[in-house]
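*Asks:* sequence and predicted structure below; questions after.
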Number of protein chains: 2
Amino acid sequence: MTNELNNYFDEMLPALEQEMRVVLQADGSPPDSFYGMMQYHMGWVDADLQPTNINSGKRIRPVLCLLACQAAGGDWRQALPAAAAIELLHNFSLIHDDIEDASPTRRGRDTVWKIWGIEQAINSGDSMFAAAHLAMCRLIERGVDPTVVVQALCRFDETCLALTQGQHADMDFETRDEVSVAAYLQMITGKTAVLIALSAELGALIAGAAPDIINHYAQFGRNLGLAFQVIDDILGIWGDEAVTGKSAATDIITKKKTLPVLYGLSQNAELRQLYAQENVADGFVETAVTLLNQAHAHNYAADQAAAYSQNALNSLEMAQASSPAAAALHQLANMLLKRNY
Amino acid sequence: MTNELNNYFDEMLPALEQEMRVVLQADGSPPDSFYGMMQYHMGWVDADLQPTNINSGKRIRPVLCLLACQAAGGDWRQALPAAAAIELLHNFSLIHDDIEDASPTRRGRDTVWKIWGIEQAINSGDSMFAAAHLAMCRLIERGVDPTVVVQALCRFDETCLALTQGQHADMDFETRDEVSVAAYLQMITGKTAVLIALSAELGALIAGAAPDIINHYAQFGRNLGLAFQVIDDILGIWGDEAVTGKSAATDIITKKKTLPVLYGLSQNAELRQLYAQENVADGFVETAVTLLNQAHAHNYAADQAAAYSQNALNSLEMAQASSPAAAALHQLANMLLKRNY
């Protein structure tokens, strides 16, 4: 990370954490079990609800929101409630995703459902969903105009609905034999891009930017999110295990329908046959990767990622921001986009 | 039901249904599976997503909201988005409750999780939660002042959080040996009373009533909800099966910790011993009811219900409404409170 972006992170992260802690009533004393489950998921307490401090994610979305606010001519502190809301909303979806995917661990710890059971975990996700909205309500106390707050809340909820629509499609795809590239792109738009788009959009909205500028920020976030996801898809097959931290074979072994795979399946009958087999035989990964390479699936996905990246940077350009915060926003985008793929 | 209340129901219910249909994109054509699951739960389509019309609940809460708006000097049509939001929120909680309680049927039909699986049902509940918020956003289009809309949205979300807090306590109680009467009352406040309170409160808020009047409506709803729940608890043990439609023995056989039982347990050691036994022996119901009667549990609960009922009617009195809508509101309250217990 460059120094400029680093400085913003150092300034923003503690303020963001404090904003989220107020909403989830985390004042350092041991919480009751209701708030405790949410605080556990956030990495603030352990499973016995005793204070701790666990690495709890990169907080990319909220920082994007704060930087967008500052870059669009506002004061990032005014956007803190929205940034907190976005991060809490993201964490609501993680609590429910972990149940839906039957994932027993996240960030090296047991998931909420693993500790407190599926029933309480569903409810804890619901609580986090409500808490995310309550975080948004604090915009009023920061002096944001009620008309802007209503607009922000309604865009927030349109995004919530799109998120669940993306998650619906993702689960639906697992039961389907064929998924089109177009349907896949629509799914990752809902699952990933809309929340990143909202982060940038709300920052600009709260800054009081003009509608076309707000839209440029939204498009910046949307394309950034799509590029990020497609790069993740590429790294999930061809990534360097030492860099990505996860086995490159996983996405192939689990036959995950990511963009390169869907494109490869649409191009190569041999790959379709291979993926149609019930069991994963010896040499499956090597054969699959060879066939994906023959179908130019890497090139295809890399071209897509490059196009989304370019769209993102163009939109940021059109937002015509030139402050240090805008520079930091560029740096953040480059950090996410310039991974080796 | 009296004629006055009936007339309001006849006028309001179709408008309410239409408002909810717009939010859930139900225009009569078969929906996609995303909207389909929500429309199925609402009783508008069958499991094959074909149009149908199933009895889907009494819509007490939204009608209460609309009547409160009219009684407080407003136009009930302006409150339609809030009424729709409250009913959708109630239905969100039902979708998740059915998973958490492992209930395979509701209103004589398979529950959402029973048809589409737990994973999709969790997500469908989340979608309904988001949709409830989007319903609220439509207050702006009805010309409600943005300051009032923000206030309404934030009270809505405080209520969402309280609902999940009540549900958390309810599930928590099942794992506990001892539950105090005070803890129980707090739990049913969250699970039942806050949403009924919100219904009346938002109606008055949207009508533009003064803060103290809004508060009287809220207290009316809160006490009405508490009275209703305690009466339900009484009928669950001593109710006439022919009237209540469910076996009076159920609450006893399942050892449900309702108000009369918790009071009885606090008063009678023999009842505590009986409930501590793992299995339900022959004659369990008769013995339990005899011991509850010895502990005056019926009287205790009936006194509580009467006190809450009186508080509700007093609050409505203090709201000083005297229109036909206010009369209908009285009739609705009496309908809910004057069940034979």
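*Replies:* That came in fine, so what should we check first?
*Asks:* tell me who's in contact with the nearest residue to A:H168 once chain neighbours are set aside.
*Replies:* Among residues not flanking A:H168 along the chain, B:F34 sits closest, at 4.7 Å (CB to CB, 6 or more residues apart in numbering or on different chains). Every residue, glycine included, has its C-beta placed from N, CA and C. Contacts for B:F34 (CB atoms under 8 Å, 6 or more residues apart in numbering or on different chains) come out as A:T164, A:Q165, A:H168, A:A169, B:S127.
*Asks:* biggest separation within the residues you listed, which pair?
*Replies:* A:A169 and B:S127 (11.9 Å; CB to CB).
*Asks:* so these two - more neighbours on which side?
*Replies:* B:S127 (25 against 22; other CB atoms under 10 Å in any protein chain shown).
*Asks:* that one sits in which helix or strand?
*Replies:* Using DSSP states H and E, B:S127 maps to helix B:112-137.
*Asks:* just the angle between the helix or strand that that helix is followed by and helix A:112-137, please?
*Replies:* Downstream of helix B:112-137, the first helix or strand assigned by DSSP H and E is helix B:146-174. Computed with axes from the mean of the first three to the mean of the last three CA atoms, to 10 degrees, the direction of helix B:146-174 lies at 160 degrees from that of helix A:112-137.
*Asks:* buried stuff in helix B:146-174?
*Replies:* B:146, B:148-173 (16 or more other CB atoms under 10 Å in any protein chain shown).
*Asks:* and what of stretch A:113-121?
*Replies:* Buried-residue list, stretch A:113-121, by 16+ other CB under 10 Å: A:W113, A:K114, A:W116, A:I118, A:E119, A:Q120, A:A121.
*Asks:* of those residues, which are in range of chain B?
*Replies:* A:I118, A:E119, A:Q120 (CB under 8 Å from any CB of the partner chain).
*Asks:* show me where chain A has its strands.
*Replies:* A:105-106, A:109-110 (DSSP state E).
*Asks:* how close does A:G36 get to A:Q120?
*Replies:* According to CB to CB, to the nearest Å, A:G36 and A:Q120 sit 11 Å apart.
*Asks:* ok, A:N340 next?
*Replies:* From A:N340 to A:Q120 the distance is 41 Å (CB to CB).
*Asks:* likewise for A:W44?
*Replies:* 18 Å.
*Asks:* same question for A:A207.
*Replies:* 39 Å.
*Asks:* now swap in A:N7 and tell me
*Replies:* For A:N7 relative to A:Q120 (CB to CB), the value is 41 Å.
*Asks:* cool, and A:V280?
*Replies:* 35 Å.
*Asks:* for A:R138, same thing?
*Replies:* A:R138 is 27 Å from A:Q120, by CB to CB.
*Asks:* and what of A:S309?
*Replies:* Taking CB to CB, one finds A:S309 at 41 Å from A:Q120.
*Asks:* quick one: contacts for the most centrally placed residue in chain A?
*Replies:* Central residue of chain A (CA atoms, centre = their mean): A:T192, 5.0 Å from the mean position. Applying CB under 8 Å, 6+ apart, one finds that A:T192 lies in contact with A:G166, A:G225, A:L226, A:F228, A:Q229.
*Asks:* counting neighbours, what do you get for the fourth one?
*Replies:* Using other CB under 10 Å, A:F228 is surrounded by 23 other residues.
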